[in-house]
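Visitor: coords below, sequence missing:
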């Protein structure tokens, strides 16, 4: 089966291409690096020729509010039109658990806009909502740092490994369209501030973590359950300590 992976050169996309290819599918990575530009339309129609499934795991090069909205709306419209013309049977997009619960984040609003376009397109689809990746936890800490202090909201978070995200997206892509959202998450919940404190301790990082209910998450205010899935989510198998050991990061 030919499966075109939009954003196939990125963190999740490259893992997804490898996983699908190892299962005997024709997994085609599509990104500006391979001559496919979903903003201009360059190479999109050719890439989707004879494709049965399109998986969009692409990301905006800019997270500025207007730019990220422009990216996801323009890119998604381009892909949906090309997928319809090509007779694609299943359109899959990777999105974020809680994107509809964090409206003061321009990035999250853009992801919601992307999903609305997919739902309205009439194409058979599945949207995968994943929780935060283990690989990005350090970036959360660094973004929340002021001097020697890290301000993190004491809210719940249920992160997962990027390998598990790719595995979940591959499973959905190879199945029948759900015409709905599928939530995937890690096997463990933490308090964000406690998790940050633990990660810094393992790295012998001298920064201190403050539990700050008003702390922003990439500029957004968080609720208690903004970052965790609803009941019934598919849970991945990689625990945080397993990922740490595999990545050589502390315990």
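Guide: That came through fine. Only a predicted model underlies this, so the values are computations on that prediction, with no experimental measurement involved.
Visitor: contacts, neighbours, all on C-alpha from now
Guide: Will do.
Visitor: Would you mind listing the buried residues in the helix or strand containing residue 78?
Guide: Using DSSP states H and E, the element containing residue 78 is helix 65-86. By 16 or more other C-alpha atoms under 10 Å, the buried positions in helix 65-86 come out as 68-80, 82-83, 86.
Visitor: Among the residues you listed, which one lies nearest to residue 141?
Guide: The closest of the buried residues of helix 65-86 to residue 141 turns out to be residue 68 (C-alpha to C-alpha; 22.4 Å).
Visitor: mind listing what that closest one touches?
Guide: 60, 61, 62, 106, 107, 110 (C-alpha atoms under 8 Å, 6 or more residues apart in numbering).
Visitor: Just the buried residues of those.
Guide: Using 16+ other C-alpha under 10 Å, the buried ones in the contacts of residue 68 are 60, 106, 107, 110.
Visitor: Would you check which pair of those residues lies furthest apart?
Guide: Counting by C-alpha to C-alpha, the most remote pair of the buried ones among the contacts of residue 68 is 60 and 106, 12.0 Å apart.
Visitor: Next secondary structure after the helix or strand encompassing residue 20?
Guide: Following DSSP H and E, one finds residue 20 within helix 11-22. The element immediately downstream of helix 11-22 (helix or strand, assigned by DSSP H and E) is strand 26-30.
Visitor: which residues does the closest residue in space to residue 1 that isn't next to it in sequence contact?
Guide: Computed as C-alpha to C-alpha, 6 or more residues apart in numbering, the closest residue to residue 1 that is not its neighbour in sequence is residue 25, at 5.1 Å. Shown in contact with residue 25 (C-alpha under 8 Å, 6+ apart): 1, 2, 3.
Visitor: Going by residue numbers, what spans are strands in this structure?
Guide: Assigned by DSSP state E, the strands in the chain fall at 2-6, 26-30, 53-56, 90-96, 125-130, 145-146, 149-152, 156-157, 181-185, 190-191, 208-211, 216-217, 220-221, 234-235.
Visitor: can these go into a markdown table with extra columns for mean neighbour count?
Guide: Below are these laid out as a markdown table (neighbours: other C-alpha atoms under 10 Å):
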| stretch | mean neighbour count |
| --- | --- |
| strand 2-6 | 24 |
| strand 26-30 | 22 |
| strand 53-56 | 25 |
| strand 90-96 | 24 |
| strand 125-130 | 26 |
| strand 145-146 | 13 |
| strand 149-152 | 22 |
| strand 156-157 | 22 |
| strand 181-185 | 23 |
| strand 190-191 | 16 |
| strand 208-211 | 18 |
| strand 216-217 | 16 |
| strand 220-221 | 16 |
| strand 234-235 | 16 |
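Visitor: Just send the ones you listed back as TSV, with mean pLDDT and distance to residue 172 too.
Guide: Formatted as TSV, the strands of the chain follow (pLDDT from 0 to 100; distance: least, C-alpha to C-alpha, whole Å):
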stretch	mean pLDDT	distance to residue 172
strand 2-6	98	12
strand 26-30	98	15
strand 53-56	98	10
strand 90-96	98	8
strand 125-130	98	7
strand 145-146	95	37
strand 149-152	97	33
strand 156-157	98	23
strand 181-185	98	8
strand 190-191	98	26
strand 208-211	97	37
strand 216-217	92	29
strand 220-221	92	29
strand 234-235	98	11
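Visitor: who wins for proximity to residue 248 among those?
Guide: Across the strands of the chain, closest to residue 248 is strand 190-191 (C-alpha to C-alpha), at 20.7 Å.
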